[in-house]
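Asks: Take this sequence and fold it.
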Amino acid sequence: MNTLVHQRKATMFRLDIELLERLKELAKKEHRSLNNFVECMLLDIAYNKPNKETIEAINDARNGKLEDGELDISSVDAFLNSAGI
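Replies: Just a heads-up that it's a prediction; the model follows:
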């Protein structure tokens, strides 16, 4: 059996207490360990690059543009209404 072995190194981070509690809650909701949850989040950030279409959509959203109109980012309610949500 041919298996790939990933090396790991224990690392210590200082995190805001509220952030740490929030991460624990999110991990628990997904039935995952805190370590696994945070590692997967970091892997996603470090290695997943959005494609060209997604980058364009992100830039349009940041600039308040929709294909069929404009986004109103003056408040959450205004945004949801202008996005049709």
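Asks: could you pull out the strands for this structure?
Replies: In the chain, the strands defined using DSSP state E lie at 65-66, 69-70.
Asks: could you pull out the helices for this protein?
Replies: Here the chain has its helices, by DSSP state H, at 17-29, 34-47, 52-62, 76-82.
Asks: Indicate which one of these is closest to R8.
Replies: Counting by Cβ to Cβ, R8 lies closest to helix 34-47 out of the helices of the chain; the figure is 8.8 Å. Quick note: C-beta positions are derived from backbone N, CA and C, even for glycine.
Asks: who does that closest one touch, helix- and strand-wise?
Replies: helix 17-29 (3 or more Cβ pairs under 8 Å, 6 or more residues apart in numbering; DSSP states H and E).
Asks: Return the distance of the helix it packs on from the chain's centre.
Replies: Helix 17-29 sits 14 Å away from the centroid of its parent chain (Cα atoms, centre = their mean, to the nearest Å).
Asks: Could you tell me how many residues sit around E21?
Replies: By the criterion of other Cβ atoms under 10 Å, E21 has 11 neighbours.
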